[in-house]
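J.: Take a look and give me a structure for this.
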Amino acid sequence: MLYLGLSQWNYKFFKENLYPRGSKPVEYIKFYSGRYNCVELNSTYYDNVSKDTMLRWKKSVNPHFRFCPKIPKQITHDNLLNTVQQFAREFINSVSTLGENLGISYLQLSPAMHPNDLYLIDELLEFVNNEIPVSMEIRPGWMADTALLNECLAILKKHNAGVVIVDSVETVKYLNHIKLTNDTAFIRFLSYGHRTDYARIDDWIKIIRLWQKKGIREIYFILHTPDSESEPLILKYTREKLFNETGNGIC
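T.: The predicted structure is shown next:
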């Protein structure tokens, strides 16, 4: 299954052009989910989202839609994964309310996380114990160290966790070093409003087609775009290309 989505459903362009005039903010997710089939849920990173809110979101989308919650900064940045089992339990209980609409939870490490503390990633994933699907972004500086990168990938593979592949100016030179660690793929594509974005999208479509042939079960493609005039063009291009050239997964 191929999932295409964005980092939010409150883009200015959407509110002005795609959502029906007079729509209330609580209705935006319903209209968004009619066009895309997943979203990166950044609100869980900043706040403790209530089960009632999760349930309301769940009721607004179809069964095939996926929310990808970002693991709270209380876990990743404030406490650097150290002694966070209580916070992790609260997060698991909250996002589990989404049921079949729960996609991959996104673990982004703090820049302050030290390579000597890799064991804390191991401990957190051991605690999660596959109750929810998790994929982790490896920091660009860590990707520059082959041994460190391989150690991170080994920990993820041990726990059947995935790797978040970020395509950005910072990471592009390391992308060929990353290997998938389970039968899912999670790409965060940073668009810069430049014509080269289109060639980069084309390259990813080739990779996605290869992954599909190899039987990768779920592929998430999360597009981060500048809130500018270029936004609707790259969104339209990505959606049409992914649908036409992969043939499945996009509503």
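J.: make it CA atoms for all contacts and neighbour counts henceforth
T.: Fine.
J.: Torsion angles phi and psi at residue 201?
T.: Summarising the backbone geometry of residue 201 under the convention degrees, to the nearest 10, its torsions are phi -60, psi -40.
J.: quick one: contacts for it?
T.: Contacts for residue 201 were tallied using CA atoms under 8 Å, 6 or more residues apart in numbering; they are residue 238.
J.: ok, residue 142 - how many residues close by?
T.: Burial of residue 142, expressed as a neighbour count using other CA atoms under 10 Å, amounts to 16.
J.: my read: it touches residue 153, true?
T.: No - if you go by CA atoms under 8 Å, residue 142 and residue 153 don't touch, sitting 11.2 Å apart.
J.: With adjacent residues omitted, what lies nearest to residue 41?
T.: residue 69 (4.3 Å; CA to CA, 6 or more residues apart in numbering).
J.: all helices for the protein, in order.
T.: Along the chain, counting by DSSP state H, helices occupy 12-13, 28-32, 43-46, 51-59, 73, 85-95, 118-128, 140-143, 146-158, 196-213, 231-246.
J.: To residue 4, which of the ones you listed lies closest?
T.: Distances from residue 4 to each of the helices of the chain were compared using CA to CA; the minimum, 7.5 Å, belongs to helix 231-246.
J.: what inclination does that closest one have with respect to helix 196-213?
T.: Taking axes from the mean of the first three to the mean of the last three CA atoms, to 10 degrees, helix 231-246 and helix 196-213 form an angle of 30 degrees between their directions.
J.: Send over helix 231-246 as PDB, restricted to the C-alpha atoms.
T.: These are the backbone C-alpha positions of helix 231-246, laid out as PDB (Å, rounded to 0.1, in the frame of the first residue of the first chain):
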ATOM      1  CA  GLU A 231       3.000  24.600  -3.300                       C
ATOM      2  CA  PRO A 232      -0.100  23.600  -5.400                       C
ATOM      3  CA  LEU A 233       2.100  22.800  -8.400                       C
ATOM      4  CA  ILE A 234       4.400  20.400  -6.600                       C
ATOM      5  CA  LEU A 235       1.500  18.800  -4.800                       C
ATOM      6  CA  LYS A 236      -0.500  18.200  -8.000                       C
ATOM      7  CA  TYR A 237       2.600  16.800  -9.700                       C
ATOM      8  CA  THR A 238       3.500  14.400  -6.900                       C
ATOM      9  CA  ARG A 239       0.000  13.100  -6.500                       C
ATOM     10  CA  GLU A 240      -0.500  12.500 -10.200                       C
ATOM     11  CA  LYS A 241       2.900  11.000 -10.800                       C
ATOM     12  CA  LEU A 242       2.600   8.600  -7.900                       C
ATOM     13  CA  PHE A 243      -0.800   7.500  -8.900                       C
ATOM     14  CA  ASN A 244      -0.100   7.100 -12.600                       C
ATOM     15  CA  GLU A 245       3.200   5.400 -12.300                       C
ATOM     16  CA  THR A 246       2.700   3.100  -9.300                       C
END
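J.: Distance check, residue 148 against residue 114.
T.: When CA to CA, to the nearest Å is the yardstick, residue 148 and residue 114 sit 11 Å from each other.
J.: Likewise for residue 90?
T.: In terms of CA to CA, residue 90 sits 25 Å off from residue 114.
J.: try residue 70
T.: When CA to CA is the yardstick, residue 70 and residue 114 sit 21 Å from each other.
J.: Likewise for residue 16?
T.: 43 Å.
J.: pLDDT wise, what is residue 236 at?
T.: According to the predicted model, the pLDDT of residue 236 comes to 86.
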